[in-house]
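**Q** can't give you the sequence, but here's the structure:
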């Protein structure tokens, strides 16, 4: 291994400096030793290219990449996993290059490595920040054990359009909840970066990706500055404040400029205004895509634009390592720009401790002992149960009785061990999820009969160009109907295959795919006691089910322990407490649909029901099927006695808001108590409601608690027409309840 005696000597000569100052001195010492090509090499990231069990590559692109690692012209790798493989590459970088600078190893650890947690949208439905942080800790521990030291997560794009496939990867539609979840996941991944249980996080995608036109992947984004600052930016600012070490820019254009080449986003906002000290990595090949956008004339021009705009590392475009040297020589890029990017990357490597121990994440015995261990399985089961949302439960059909009933279990997804893993689980082994059938079979007191009914899709793979939706085959209907006829309760597990959401998986029809809706109606015709369990990666439009099906459970794609979590909720061993992080529409034509909309000049029908001149559809209501923040429980919660300790406050004061919450049932349960405000008049027109706080409260049967919130100046701040964040004087309303449709309200004023 390369000796860093020069660094240690330097440390002994600078006693009295802080750790950060010592690190900065080390970075400058190393930077001064680097050639321009070695500096540029630190900005270069390649994907896996080599069969590590085979011979050293000698020709083609693989040989090129291998030789560049040996020359010190690669700063990071991605899609390499497993201690043996990572050790081999790290050994080359550390022991065979001139300066021995260690590599970063990135991987898409989006919601787990081998042991898979619920998809991020499902985790967001828990509203449980401690559980979400723990889930990220589990992912980091397992990925770190496999040699990985950098994850391309969390995705913190706010999105309002369920057609977009990547809604499954984020926290939903609200900037406040999204900010809190961003903080929790970053803390879980990174910790203090002192342990091999922690890895670097990456806040993505900066910025606006979730507002792609038509909900179509990679599409153009065109939003106002008011939306950009008040809705899109807050989770990213929270990520910086939490100490995230890397950002990833987005594929989309913003104000006509692709984000990868957008200096306003990367230099003006992120690095200057917010003081971000980490580095920015491009998304896969997105620097080259500046040419396709029509924003760069060729790859050299793309490299020039991207580095000057603040994209520090090039992921798999191969343009920095190919063109930056000549661009510096031609004075089109200042070497100082290169130096700034290198400093940022080296600093992260020092913070990870890779210069002290380049093989920190390379312990095969630890890898073997950690991957899939029981503690991790227990952790993902916990967050899976907390992620389930009870949408409907007429006549208390749920929880199920544990003895003496006949249950018909219907649906291909009920016996599916792959779809529950969801998309973005690259390292997971196929078919390793606990199926719903397996989960229910652990309860021995009832008679359980399974019938598939119908497939969802066929031919699914992570990288397949398309999947085939089964819209024809109904051959399994007759068996399902016969099984349902004799059952006391029918459980139907319907929804999306795990690959029908995620990157590149936008949909124009967000109902039940294939013939599943027909299957649901056919079974309902012979047995109305149906529990519909939804497995999906996005909000679905299910208006028929909402009308006719007595019990509906939103179970998302819950990961490795999916079937156990669902079974425990259906049988009442866990009382559901989840709340929706995204609005469910009645019809895809309502999209984008979100709770924190703004009033139009004609918001209501007024007096005459025949008048058409107001903001509405002629063939559908304006309301959602299930609103943001909504979710039921086996407990019955009642809100009352909303009170404010005063009705106005000034800059250095606050208002205490209290409400009584009662569990008016015989079942202990948890409720997510939500506080919203409305700014009645603002320098920008303000949303009708904005989430500003929430608490998870557990109540015993018939217990009542007084819940207290505090409203201060920060609570009511927003990005105003003065182009700053500030609180404006005026009148406000506060709402408290169990969803964004909270009706308990009170008035207050803020006076400067």
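**A** Happy to help now that I have it. Everything numeric in this text was worked out from a predicted model, so none of it was measured.
**Q** thinking residue 34 is in contact with residue 97, fair?
**A** No. Contact between residue 34 and residue 97 fails when scored by CB atoms under 8 Å: they sit 11.1 Å apart. Quick note: C-beta positions are derived from backbone N, CA and C, even for glycine.
**Q** tell me the SS of residue 677?
**A** Secondary structure for residue 677, judged by DSSP: H, G, I helix; E, B strand; the rest coil, is strand.
**Q** which strand residues bridge it?
**A** On the basis of DSSP bridges, residue 677 is bridged to residue 690, residue 734.
**Q** contact partners for it?
**A** With contact set as CB atoms under 8 Å, 6 or more residues apart in numbering, residue 677 has these partners: 689-690, 692, 711, 715-716, 732-735.
**Q** count of neighbours near the closest residue to residue 643 other than its chain neighbours?
**A** Spatial nearest neighbour of residue 643, excluding adjacent residues (CB to CB, 6 or more residues apart in numbering): residue 658 at 5.0 Å. Neighbour count for residue 658, taken as other CB atoms under 10 Å: 14.
**Q** can you check residue 651 too?
**A** Neighbours around residue 651, by other CB under 10 Å: 10.
**Q** not counting sequence-adjacent ones, nearest residue to it?
**A** residue 713 (5.5 Å).
**Q** my guess is that neighbour contacts residue 728. True?
**A** No. Using CB under 8 Å, residue 713 is not in contact with residue 728; the gap is 10.4 Å.
**Q** which neighbours do those two share?
**A** What both residue 713 and residue 728 touch, as defined by CB under 8 Å, 6+ apart, is the set residue 750.
**Q** now residue 379: closest residue in space, sequence neighbours ignored.
**A** residue 138 (4.7 Å).
**Q** return the set of buried residues in the helix or strand where that neighbour lies.
**A** Per DSSP states H and E, residue 138 falls inside helix 129-145. For helix 129-145, a neighbour-count test (16 or more other CB atoms under 10 Å) marks 129, 131-145 as buried.
**Q** what about the residue nearest to residue 651, neighbour count?
**A** Residue 713: 16 neighbours (other CB under 10 Å).
**Q** what's the following helix or strand after the helix or strand where residue 384 lies?
**A** Using DSSP H and E, the element containing residue 384 is helix 374-387. Sequence-wise, the next helix or strand downstream of helix 374-387 (DSSP H and E) is strand 389-393.
**Q** still on that earlier bit, list the contacts for the residue nearest to residue 379?
**A** 112, 115, 117, 376, 379-380.
**Q** pick out whichever of these sits closest to residue 540.
**A** residue 117 (21.2 Å; CB to CB).
**Q** I figured the closest one hits residue 140, correct?
**A** No. Applying CB under 8 Å as the test, residue 117 and residue 140 come out as separate, 11.5 Å apart.
**Q** mind checking pLDDT for the residue nearest in space to the middle of the chain?
**A** In the chain, the centroid-proximal residue (CA atoms, centre = their mean) is residue 170; its distance is 2.6 Å. As predicted, residue 170 sits at a pLDDT of 98.
**Q** that one contacts residue 158, doesn't it?
**A** Yes. Counting by CB under 8 Å, residue 170 touches residue 158, with 7.5 Å between them.
**Q** identify the contacts common to these two.
**A** In contact with both residue 170 and residue 158: 178, 210, using CB under 8 Å, 6+ apart.
**Q** dump the contacts of residue 677 into a markdown table; add distance to residue 49, neighbour count and pLDDT as well.
**A** As requested, these are exported to a markdown table (distance: CB to CB, whole Å; neighbours: other CB atoms under 10 Å; pLDDT from 0 to 100):
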| residue | distance to residue 49 | neighbour count | pLDDT |
| --- | --- | --- | --- |
| 689 | 51 | 21 | 98 |
| 690 | 48 | 23 | 98 |
| 692 | 49 | 17 | 98 |
| 711 | 55 | 22 | 98 |
| 715 | 51 | 19 | 98 |
| 716 | 53 | 22 | 98 |
| 732 | 57 | 20 | 98 |
| 733 | 58 | 15 | 98 |
| 734 | 57 | 23 | 98 |
| 735 | 55 | 22 | 98 |
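**Q** tabulate those residues (TSV), appending distance to residue 221.
**A** Below are these laid out as TSV (distance: CB to CB, whole Å):
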residue	distance to residue 221
689	24
690	22
692	26
711	33
715	29
716	28
732	31
733	31
734	33
735	31
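**Q** report the contact partners of residue 289.
**A** Remark: with contacts taken as CB under 8 Å, 6+ apart, residue 289 is in contact with 251, 258, 260, 302.
**Q** er, residue 687 actually
**A** So residue 687 contacts 596-598, 678 (CB under 8 Å, 6+ apart).
**Q** isn't residue 307 right up against residue 342?
**A** No. Residue 307 is beyond contact range of residue 342, at 11.2 Å (criterion: CB under 8 Å).
**Q** so what sits against both of those two?
**A** Joint contacts of residue 307 and residue 342 (CB under 8 Å, 6+ apart) are residue 43.
**Q** which one's more surrounded, those two?
**A** Neighbour totals were compared for residue 307 and residue 342, and residue 307 leads with 29 against 25 (other CB under 10 Å).
**Q** which residues touch the more buried one?
**A** With CB under 8 Å, 6+ apart, residue 307 has these contacts: 43, 320, 324, 327, 333, 337-338, 341.
**Q** which phi and psi does residue 698 have?
**A** The phi and psi values for residue 698, taken as degrees, to the nearest 10, are phi -100, psi 130.
**Q** give me the nearest residue to it, chain neighbours excluded.
**A** Residue 698 sits nearest to residue 670 (CB to CB, 6+ apart), 4.7 Å away.
**Q** ok and the host helix or strand of residue 531 relative to strand 389-393, angle-wise?
**A** Here residue 531, judged by DSSP H and E, is contained in strand 530-535. With axes from the mean of the first three to the mean of the last three CA atoms, to 10 degrees applied, the angle from strand 530-535 to strand 389-393 works out at 160 degrees.
**Q** what helices or strands is strand 530-535 leaning on?
**A** With contacts taken as 3 or more CB pairs under 8 Å, 6 or more residues apart in numbering; DSSP states H and E, strand 530-535 sits against strand 489-495, helix 516-524, strand 551-554, helix 562-570.
**Q** go with 10 Å
**A** Using 3 or more CB pairs under 10 Å, 6 or more residues apart in numbering; DSSP states H and E, the elements in contact with strand 530-535 are strand 389-393, strand 406-410, strand 489-495, helix 516-524, helix 543-548, strand 551-554, helix 562-570.
**Q** partners of that strand, with directions?
**A** strand 489-495 (parallel), strand 551-554 (parallel).
**Q** okay, now the unreliable bits of this structure?
**A** 1-16, 458-471, 605-607 (pLDDT under 70).
**Q** tell me the contacts of residue 663?
**A** By CB atoms under 10 Å, 6 or more residues apart in numbering, the contact set of residue 663 is 633, 635-638, 669-671, 697-705.
**Q** and for residue 689?
**A** Residue 689 neighbours (CB under 10 Å, 6+ apart): 595-597, 628-629, 674, 676-678, 733, 735, 740-742, 745.
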